[in-house]
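Colleague: Need coordinates for the following:
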Amino acid sequence: MKNFIITSLLLLLTSTLSAQLKNPHFVGLNAGISMPVGEYKNFDTARASAVNAGKYASLEAGIYISRFVGIGFNLGLYTNSINESEIKSEFEKQLITNNAIEVKADDWLNAYALTGLYLTIPIKKVRLDFKFLGGAVNSSQPLVTVTTNESGSVVVRESKVEDAIAFGINYGAHLRIPIISKLSLRLNAETFTSLPEFKKETTTYINGNKSITKENFEQTISVLNVGVGLCFSL
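Modeller: Numbers count the residues shown, from 1 in each chain. Model (predicted):
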């Protein structure tokens, strides 16, 4: 009887520890492709849109209060280059000219710090995670310089925008596939959306003369990020 009680207590303790260890706490590193969608993808000279697919990288961690529900954070950034040929084509249409048009542009840069809810569904040894996060997104619109030849005069238009911080939403799904011990392969698909308000300044140079125009505008920034990474169970 004594042995039975001791054995039962040991089994109970083991199962309790096992249940605690099954809480899927994690830290993950991810990288992949950032694909623009919607207004962010479509062409717009004023907003330096018409961006190309870029890249992203992130650090995520989740602490679970049960086997299925956790709280976590997501820190990272994604960049997208501008389709310079689209801007050049638009100026060619506006100016109706075959003269040389030169376009130089930096990349969009969006950095974020988000927190929120994680939901996990265990499927045998694989874990399927869903996340619903919100937080701050800092967006940097690129410097764009367009040089044209108009009626024999070289015209340089330089557009720059101050960084803008806005509330962003991030949701998506991850699949954690065990590799060895506490290390897992992590497949990732997620979306980001934010609506920053930018302050834009355009400086135009013509034959040594300079003029400046200013405007404020909102820009919806939406991307679909798809990538792969490594996940460490805690």
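
Colleague: What ranges does the protein have for its helices?
Modeller: Using DSSP state H, the helices of the chain run over residues 2-21, 84-95.

Colleague: Compare those and say which comes out lowest on pLDDT.
Modeller: Averaged per stretch, pLDDT over the helices of the chain is lowest on helix 2-21, reaching a mean of 39.

Colleague: contacting residues for the residue most central in space within the chain?
Modeller: The C-alpha lying nearest the average C-alpha coordinate of the chain belongs to Tyr78 (CA atoms, centre = their mean; 4.4 Å). With contacts taken as CB atoms under 8 Å, 6 or more residues apart in numbering, Tyr78 has the following neighbours: 34, 54-57, 110, 192, 223, 225. Every C-beta, even on glycine, is put in place using the N, C-alpha and C of the backbone.

Colleague: Next one: Leu230 from Tyr78, what distance?
Modeller: Taken as CB to CB, to the nearest Å, the spacing of Leu230 relative to Tyr78 amounts to 19 Å.

Colleague: let me fix that: Asp107
Modeller: With CB to CB as the criterion, Asp107 and Tyr78 are 10 Å apart.

Colleague: Quickly list what's touching both of the two.
Modeller: Contacts common to Asp107 and Tyr78, judged by CB under 8 Å, 6+ apart, are Gly54.

Colleague: residue ranges with poor pLDDT in this protein?
Modeller: Filtered on pLDDT under 70, the chain yields the residue ranges 1-23, 43-49, 92-99, 150-153.

Colleague: count of neighbours near Val223?
Modeller: Number of residues near Val223 (other CB atoms under 10 Å) recorded here: 26.

Colleague: May I have the beta-bridge partners of it?
Modeller: Taking DSSP bridges, one obtains Pro36, Phe192 as the residues bridged to Val223.

Colleague: and it, what is it in contact with?
Modeller: When the contact criterion is CB under 8 Å, 6+ apart, the partners of Val223 are 34-37, 40, 56, 78, 80, 110, 191-192.

Colleague: Just the buried ones among these, please.
Modeller: 34-36, 40, 56, 78, 80, 110, 192 (16 or more other CB atoms under 10 Å).

Colleague: Return the distance of Glu90 relative to Asn149.
Modeller: As defined by CB to CB, Glu90 lies at a distance of 16 Å from Asn149.

Colleague: Was I right to think Ile177 contacts Asn188?
Modeller: No: the pair Ile177 and Asn188 does not pass the contact test of CB atoms under 8 Å, sitting 11.8 Å apart.
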